Structures are given as C-alpha cells and as structure tokens.
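In: Take this sequence and fold it.
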Amino acid sequence: MEATEKCWGVSQRLALTDNVQVERIIVVAGGYSSIHKHHNKHNAFIVEEGTLAVHEWLGDAHGESDECIIHELVRGQGVTIDAGVWHQFLSRSGCVCAEYYSSSSQNDTEKIKPDDIERETAGGVITMFTLQQIDAMPHGGNCCRCNWQFENDNAGGVVIVDNAARMMCEQCIAATGLDQKTNVRVTS
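Out: Model prediction:
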C-alpha cells in the first residue's frame with residue numbers, strides 16, 4: 001500500500017469501498033491536523049501506539065460560544081466524530097492510529113469520497129523546541145498581549161501563536177478567539 005506524506009506525518013490507505021475507508025496514520029511528535037469536517041462521512045480514530053488528542057467542536061467552529069471537547073486517547077482507545085462536526089487531532093508524543101471513515105447516509109446511497117473534507121485551518125508540526133518551551137514555562141506570568149501578570153493556570157495559560165509558545169491571560173485568550181480558532185492551545 002502506498003503512503004502519502006502529510007504536513008503532520010504519513011497516511012497509508014488500507015481499504016476503500018463504497019461505504020468504508022480505512023487509513024493507517026503515523027503522526028509525528030507535535031503533529032496536528034487542520035481544523036476540518038467531513039460532510040458525508042463519520043471519522044473514527046483508534047490509537048495503536050502513542051497518544052492522540054482529538055478536539056471536537058459542538059456547533060459551528062466559527063462561533064464564539066461553541067464548546068470544545070478534547071478526547072485524550074491512549075493505546076486501545078478510540079473516538080468517533082460524526083459527519084459535519086468540526087474536529088482536529090494533535091499528538092504531542094507521536095502516535096500510530098487506525099482511522100476509519102463510514103458513510104453517514106442512512107440508506108447507503110452516498111458513496112465514500114476520499115476528498116470529502118472542508119478545512120478551516122492548516123495542519124503542521126510544533127517543533128520539539130517549542131514543546132520543551134511549553135513544558136518548561138512557569139505557572140503564571142505576564143500576558144504577551146496586555147502584559148497583565150497572573151499567578152496560576154486558572155487565570156491564563158500557554159498558547160501557540162505563529163508556532164511559538166507564549167503566555168496569555170484568559171481574557172486575551174477569549175478576546176482573540178485562540179481558545180477556539182488556533183491550531184493548538186496547550187495549558188501547562
């Protein structure tokens with residue numbers, strides 16, 4: 001089976017039928033997908049090795065009050081994202097996953113289309129240096145946007161902006177929309 005390089009790792013198609021598509025994905029450490037959705041297929045992830053965080057937005061990813069659920073998966077665990085739901089995956093440590101797509105059509109008349117994807121953002125890789133920066137950052141600090149000083153995780157956190165780790169208070173995170181629209185947000 002032929003492997004396809006992705007900005008976050010490698011994808012290898014294992015099967016494609018009228019109503020099922022199976023891929024094996026290898027996500028490099030720090031790799032993350034675009035924020036995207038599939039219109040006519042459900043998307044399931046099952047972790048074979050490593051860890052994977054799957055972000056699932058309930059509602060429209062463009063909205064300001066949408067809830068985001070983060071599914072933290074380890075070996076043997078999985079999650080299914082329904083068709084039409086905005087989602088994104090991230091692996092801090094790297095992982096190997098089985099990715100299954102199934103038709104969302106009730107009567108199986110809609111065939112699986114491998115290109116059924118609408119992207120909101122681009123994927124990529126957070127560098128190991130950036131991951132080390134995140135892990136080394138203290139709890140609390142000065143906000144990179146308004147310079148307000150906060151002392152704990154409840155008042156702010158670490159965000160990834162332009163592939164760099166920065167401290168930001170919760171008010172600025174909310175005001176900039178980083179909590180819903182950035183490729184990655186990590187709180188130490």
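
In: Remind me what the strand ranked longest in the chain packs against, helices and strands.
Out: Across the chain, the longest stretch assigned as strand under DSSP state E is strand 41-58. Packing partners of strand 41-58 (3 or more C-beta pairs under 8 Å, 6 or more residues apart in numbering; DSSP states H and E): strand 20-27, strand 67-74, strand 78-81, strand 87-91, strand 95-103. C-beta coordinates here come from the backbone N, C-alpha and C atoms, glycine included.

In: Redo these as TSV? Include mean pLDDT.
Out: Formatted as TSV, these follow (pLDDT from 0 to 100):
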stretch	mean pLDDT
strand 20-27	95
strand 67-74	88
strand 78-81	96
strand 87-91	92
strand 95-103	95
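
In: and the longest strand of the chain, what's its mean pLDDT?
Out: Strand 41-58 shows an average pLDDT of 93 in the prediction.

In: ok, and for that strand, which residues are buried?
Out: By neighbour count on 16 or more other C-beta atoms under 10 Å, the buried set for strand 41-58 is 41-47, 50-57.

In: hang on, isn't Ser102 packed against Val22?
Out: No: Ser102 is beyond contact range of Val22, at 9.7 Å (criterion: C-beta atoms under 8 Å).

In: Out of the helices and strands in this structure, which is least certain?
Out: strand 185-186 (a mean of 43; mean pLDDT, DSSP states H and E).
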